[in-house]
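S.K.: Return a 3D structure for these sequence lines:
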Amino acid sequence: MRRSRKVKILATLGPASSEQSSIRRLLQVGADAFRINMSHTDHSLMRTLVERIRNVEAELDRPIGILADLQGPKLRVGKFAEGSVQLGIGQKFTLDDNPEPGDATRVHLPHPEILKSVEPGHRLLIDDGRLHLRAEKADGKSITCTVVAGTKISDRKGVSLPDTELPMGALTEKDRKDLDAVLATGVDWIALSFIQRPEDLAEVRKVARGRAALMAKIEKPQAVKRLPEIIELSDALMVARGDLGVEMPLETVPGIQKQITRACRRAGKPVVVATQMLESMISAPVPTRAEVSDVATAVFEGADAVMLSAESAAGQYPFEAVATMDSIARQVELDPTYGGIINAQRSEPEATGADAISLAARQIAETLNLSAIVTYTSSGTTGLRAARERPSVPIIALSPVVETARRLSLVWGTHCVVTPDANDLDDMVNRACRIAYQEQFAKAGDRIIITAGVPLRTPGATNMLRIAYISADGMGGI
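M.R.: This is a model prediction of the structure:
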């Protein structure tokens, strides 16, 4: 299961890929971790999927990360007497607290927090932006709007509010129940949808209590404005381009994607690029040329992972979609311009001993043309530091903690192996050499560089570098 690429592939499970045999095949064709979308998964199915992933993990002896994606607040209009109505550009249309069925002049908006927060001039985007309203008057009980673009609205369509910060957290009652359920199964990552402010992350972290890492989905302009604070409080970010493209002008999304990716790389936090990456492969066996370029752009930017949604969850070609993404990523990383682009975006290390060690490990590995960087990591911090450097050689992350190895399965360039802690320095060197040899990253006569913390078993104390030779029997010599 050794990968010949650095970027990871996160595949969403669904009706087209929920069987254990399908999960195994997705891994074999290129998936590194799996997403369970709690918008479409009840607790029973979620537990079944986690069990099947863990069964495949045991079969293949490879740590597999699981991301549970919480639905977040879904804001929708009420129903219409006729199911839908036609509107005209420039006409007035009202959203109010009256639960009666709507007509061509008004509709119920069952969200008092919106009615109280929207101000004149704010935009209201209905049905993924197909209907654009501009608020003219708001009194806490109703919002009188002008139709700016679009002419149709129908039952239960979603509402987006790019100009309005709502006085509500990102966790709904459904999310709280889902969060308790997924944490009980031991998932590795929790993705939080529609966050607006850093405080939304703090709320979830109190519940999670370290049992899972926290991924913030950036899909609202309010979150983009407070990106540095959100990065600081999260363990990873996801560029959720679907809703981001609804709430912000479409032409700004590529730039925002680059900003988020580079900010995460500077901070040493994993970043996932998601939504519509190979959308046409839901119903076609090959992608469009534009989609190939889209995936390639994320890989060139140094994103930690690229994600498939409906392509692998409900599409007609889930395995082909993963294999295609794998093929694109491998080819991009072989491109002669790839190394230069990655290097140009590399950040200066933090002024800490551990960051200096990680920088030195990369420089030595590349200067001496070593076969791999081997990191001993208990909490995962050392593995993240090594990946932040974006070295040209593979990173082998050795951890005695299976949960750490699973979380690192989403991190750029890391090949994770669960192994007991070394007994002493000699055992550490021999173990690193043996695993690099067994995992086919190095052969007899090659050299590797090892980073670890001394004394051993001291989390976060990376302070040692060691160059070792792989001997004929796969063991190590200094």
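S.K.: where are the low-confidence patches of this structure?
M.R.: Applying pLDDT under 70 to the chain flags the ranges 456-461, 474-478.
S.K.: Please parse it into its domains.
M.R.: Domains of the chain are assigned by automatic domain parsing as 8-72+170-335, 84-160, 353-477.
S.K.: Just send these back as CSV, with mean neighbour count too.
M.R.: The C-beta positions use only the backbone N, C-alpha and C, and glycine is treated the same way. Listed next are those as CSV, based on neighbours: other Cβ atoms under 10 Å:
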stretch, mean neighbour count
domain 8-72+170-335, 20
domain 84-160, 16
domain 353-477, 20
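S.K.: between these, which gets nearest to residue 345?
M.R.: The closest of those to residue 345 is domain 8-72+170-335. By Cβ to Cβ, the value is 6.0 Å.
S.K.: Start and end of the closest one, how far apart?
M.R.: 17 Å (Cα to Cα, to the nearest Å).
S.K.: That one: how far from the chain's middle?
M.R.: Averaging C-alpha positions (Cα atoms, centre = their mean, to the nearest Å) puts domain 8-72+170-335 4 Å from its chain's average.
S.K.: Where does the residue most central in space within the chain sit: helix, strand or coil?
M.R.: For the chain, the residue whose C-alpha lies nearest the mean C-alpha position (Cα atoms, centre = their mean) is residue 272; its distance is 3.6 Å. Using DSSP: H, G, I helix; E, B strand; the rest coil, the structure places residue 272 in strand.
S.K.: Just list the residues touching it, thanks.
M.R.: 10, 215, 236-239, 303-307, 410 (Cβ atoms under 8 Å, 6 or more residues apart in numbering).
S.K.: Any idea what it is bridged to?
M.R.: Beta-bridge partners recorded for residue 272 (DSSP bridges): residue 238, residue 305.
S.K.: Would you mind measuring from it to residue 408?
M.R.: 14 Å (Cβ to Cβ, to the nearest Å).
S.K.: Same check on residue 349?
M.R.: For residue 349, the distance to residue 408 (Cβ to Cβ) stands at 20 Å.
S.K.: quick one, strands of the stretch 251-400 of the chain?
M.R.: Taking DSSP state E, counting those that start in this stretch to define them, one finds strands in the stretch 251-400 of the chain at 271-274, 305-308, 373-376, 395-399.
S.K.: Do I have it right that residue 428 meets residue 434?
M.R.: No: in this structure residue 428 lies outside contact range of residue 434 using Cβ atoms under 8 Å: 11.0 Å.
S.K.: Contacts only, for the nearest residue to residue 441 once chain neighbours are set aside.
M.R.: Distances taken as Cβ to Cβ, 6 or more residues apart in numbering place residue 372 nearest to residue 441, at 4.5 Å, with adjacent residues excluded. Residue 372 makes contact with 365, 393-396, 436, 441-442, 448-449 under the criterion Cβ under 8 Å, 6+ apart.
S.K.: okay, these in JSON lines with distance to residue 54 next?
M.R.: JSON lines is the format used below for these (distance: Cβ to Cβ, whole Å):
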{"residue": "365", "distance to residue 54": "33"}
{"residue": "393", "distance to residue 54": "31"}
{"residue": "394", "distance to residue 54": "26"}
{"residue": "395", "distance to residue 54": "24"}
{"residue": "396", "distance to residue 54": "23"}
{"residue": "436", "distance to residue 54": "26"}
{"residue": "441", "distance to residue 54": "26"}
{"residue": "442", "distance to residue 54": "30"}
{"residue": "448", "distance to residue 54": "30"}
{"residue": "449", "distance to residue 54": "33"}
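S.K.: I appreciate the help and will end here.
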